[in-house]
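Quick check, what structure comes out for this input:
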Amino acid sequence: MSTASAAAARPSAAPSLTGVFVRLKLSLLRNGLRQSTGRTLAYVASIVVGLLFAAAVVLGLTALRGNAHAGALAVLLTGILTVGWAVMPLFFPGSDETLDPTRLVMLPLRPRPLIVSLLMASLVGIGPVVTLMLVAGAVIAVADGAVAAVVGVVAAVLVLLVCVALARAIATASVRLLTSRRGRDLAVLGGLFIALGGQGVNIAAQRLGRPDGLSVLEPLGEVLRWVPPASALGAVADAGHGAYGRALAGLALTALALALLLWWWQRTLTALMTSPDSSTLQALEKDGARRSGTGARGLARLLPDGRTGTVMLRSLRYAWRDPKSKMAWATALGVGLLVPIATSAQGNGSMYTAFSASALLGAQMYNQFGQDTSAFWMVASTIATARDAYQELRARALTLALVAVPYVTLVVVGAAALIGPWSDFVEVYGLSLAVLGALLATGAMSSALFPYSIPSEGNKNVAPGQGAIAWFSLFGGVLVAAVLCSPLLGLTIWLHVAGLHHLLWVLLPAGAVYGLGLAEAGLRVAAPRVAARLPEILGAVSKG
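A predicted model of the protein is given here:
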């Protein structure tokens with residue numbers, strides 16, 4: 001066989017996919033920006049804000065050169081960046097279309113060259129640029145000498161690759177979840193976790209702003225400096241101090257973490273692209289198993305019989321399955337707990353901040369029929385009398401109280417433990433129960449008189465043209481609830497002014513009874529109005 005024929009018989013080397021995927025990523029970005037002017041402006045604004053933020057952080061880290069605690073801050077910043085990259089695909093699965101490898105299932109691509117190409121394509125974008133700037137600032141803060149500078153360059157590259165590979169591997173491993181209903185629900189909750197994290201960053205920044213603030217990072221820094229990829233930043237500091245063995249170990253840990261991530265990514269990518277999606281079949285099997293059983297299961301067995309139990313179970317399922325209902329509940333629970341903790345951490349807290357739990361959960365009683373949307377007609381068809389309406393409202397209020405009462409108790413106990421004094425527990429708990437009862441009462445009336453529609457699609461919680469109704473319903477109801485609680489509040493003030501502190505225990509049973517009475521009175525007043533306004537309520541909640 002001639003040399004030419006032998007060369008022709010050998011298969012030609014497969015071309016590199018890296019350039020193709022990089023161009024694909026650039027095309028996706030360019031085509032996305034062409035969709036609308038608003039999207040283009042938002043993207044440009046995000047670039048400007050991201051670069052300005054990164055530049056400010058780099059300047060701050062540069063100013064810390066020579067500080068004894070700069071190393072602890074550098075490894076902590078690296079850890080925060082890594083966590084951010086890890087949760088990004090979970091809370092924002094639609095932020096990058098290339099995070100979904102199932103789009104490539106039908107292409108004849110092998111996993112190893114595919115992950116290399118995807119990894120390089122992932123370095124295109126504002127996120128990697130900002131990350132590289134922040135890591136470079138951390139390296140500048142701790143690097144001391146030429147050897148440390150060289151190690152810093154290697155460390156910055158390794159940290160960036162680990163962050164990007166981590167995001168890709170997690171996205172690949174959870175892509176089936178992220179494209180399901182539960183995954184979309186998780187994305188909806190992303191805003192809440194960002195808000196909670198932002199408050200935590202705010203508290204940490206206030207503590208670090210003190211003269212000795214950076215010293216509190218040392219214990220955490222000693223642990224994180226051996227956790228990849230923060231260990232790479234620890235290696236930079238060690239190289240500056242002449243501890244080359246420790247520096248080599250830190251870099252080796254990060255390199256090992258990168259290799260393990262690439263291995264895990266390749267395994268999950270291979271399994272994803274070669275196995276069928278059986279989620280629908282599994283769902284059918286679970287549904288069939290569930291239907292094969294007889295009688296009530298789980299929580300349904302603990303609920304009352306008749307209409308009350310049925311409505312309570314339906315409301316709980318709404319709160320668990322409907323994304324917007326879940327978001328409202330999660331926000332109320334999260335923020336209600338966050339307010340006392342945040343004020344306690346800032347050193348200026350008061351036990352009365354525990355009222356946030358009662359206020360936010362009680363507000364869930366407002367616009368009860370809006371969450372039903374056009375399906376409210378099925379509820380309306382079961383209401384023939386004021387008694388039917390009362391039972392419907394009572395069951396919804398009991399559902400809310402089933403969660404709110406234990407939760408308010410937990411928050412008040414926590415506020416007493418964190419903020420104190422325990423002597424204020426009785427009055428704060430009693431007033432909290434009264435506030436909850438007042439909001440249940442005004443929420444029932446508001447649901448009857450000022451219903452509005454909650455769109456099932458999009459990010460808006462109020463249908464167009466009904467914003468004024470929603471605001472008036474909420475703020476008007478809260479003001480009325482405050483007026484209803486004024487007798488109990490007046491009693492509290494009088495006991496303090498008169499020096500009758502030994503009688504403050506009366507506020508707990510008084511608040512519980514008063515709140516229960518307000519809730520019962522509100523339900524009974526609202527019930528006949530619901531029964532008389534069923535067509536108007538149906539029309540109002542069906543506009544979304």
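
Surely residue 480 and residue 444 touch.
No. With contacts defined as C-beta atoms under 8 Å, residue 480 does not count as touching residue 444, sitting 11.8 Å away. Using the backbone N, CA and C atoms, a C-beta is placed for each residue, glycine as well.

For stretch 143-154, list every residue counted as buried.
Along stretch 143-154, the positions that meet the burial threshold by neighbour count (16 or more other C-beta atoms under 10 Å) are 143-144, 148, 151-152, 154.

Where does the prediction get shaky in the stretch 1-150 of the chain?
Regions of the stretch 1-150 of the chain meeting the criterion pLDDT under 70 cover residues 1-16, 32-33, 35-36, 38-39, 42, 89-108.

can we see that at 90?
Within the stretch 1-150 of the chain, the ranges that satisfy pLDDT under 90 run 1-51, 53-54, 57-58, 60-128, 141-149.

just to revisit the earlier point, so between residue 480 and residue 444, which is more surrounded?
Between residue 480 and residue 444, residue 444 has the larger neighbour count (other C-beta atoms under 10 Å), namely 30 against 17.

Without its sequence neighbours, what residue ends up closest to the more buried one?
Residue nearest to residue 444 in three dimensions, not counting chain neighbours: residue 526, with 4.0 Å by C-beta to C-beta, 6 or more residues apart in numbering.

Show me what counts as buried in the host helix or strand of that neighbour.
Using DSSP states H and E, residue 526 sits in helix 507-532. Residues of helix 507-532 classed as buried under the neighbour-count rule (16+ other C-beta under 10 Å) are 507-508, 510-512, 514-516, 518-520, 522-523, 526-527, 529-531.

which strands and helices sit next to it?
Contact analysis of helix 507-532 by 3 or more C-beta pairs under 8 Å, 6 or more residues apart in numbering; DSSP states H and E lists helix 386-418, helix 425-449, helix 467-497 as its packing neighbours.

can you give me the angle it makes with helix 467-497?
Helix 507-532 and helix 467-497 are oriented at 160 degrees to each other (axes from the mean of the first three to the mean of the last three C-alpha atoms, to 10 degrees).

any idea of the mean pLDDT for helix 507-532?
Taken as a whole, helix 507-532 has a mean pLDDT of 92.

just stretch 322-332 next, same as before
Computed over stretch 322-332, the average pLDDT equals 78.

go on, stretch 340-355?
Here the mean pLDDT over stretch 340-355 is 74, rounded to a whole number.

now swap in stretch 462-477 and tell me
80.

mind listing what's buried in it?
In stretch 462-477, the ones that count as buried by 16+ other C-beta under 10 Å are 462-463, 466, 469-470, 473-474, 477.

Taking the residues you listed together, which two end up most distant?
For these, the maximum inter-member distance is 19.1 Å, found between 463 and 477 (C-beta to C-beta).

check contacts around residue 149.
With contact taken as C-beta atoms under 8 Å, 6 or more residues apart in numbering, residue 149 is in contact with 139, 143.

can you tell me how far it sits from residue 251?
The spacing between residue 149 and residue 251, counted by C-beta to C-beta, to the nearest Å, is 14 Å.

State the distance from residue 236 to residue 70.
The span separating residue 236 from residue 70 equals 11 Å under the rule C-beta to C-beta.

Have a look at those two and say which one is more surrounded.
Neighbour count, other C-beta under 10 Å: between residue 236 and residue 70, residue 236 has more, with 31 against 21.

give me every residue that touches that one.
Contact partners of residue 236, counting by C-beta under 8 Å, 6+ apart, are 74, 139, 142-143, 148, 151-152, 155, 247.

Regarding it, which helix or strand does it belong to?
When the helices and strands are read off by DSSP H and E, the one containing residue 236 is helix 230-240.

Buried residues in the helix or strand following that helix, which are they?
From helix 230-240 onward toward the C-terminus, using DSSP H and E, the following helix or strand is helix 244-274. Burial within helix 244-274, assessed by neighbour count using 16+ other C-beta under 10 Å, is assigned to 246-247, 250-251, 253-255, 257-258, 261-262, 264-266, 268-270, 272-273.

now stretch 60-79
By 16+ other C-beta under 10 Å, the buried positions in stretch 60-79 come out as 61, 64, 69-79.

Could I get the contacting residues of residue 55?
By C-beta under 8 Å, 6+ apart, the residues touching residue 55 are residue 133.

Can you tell me how far it is from residue 137?
When C-beta to C-beta is applied, the distance between residue 55 and residue 137 equals 9 Å.
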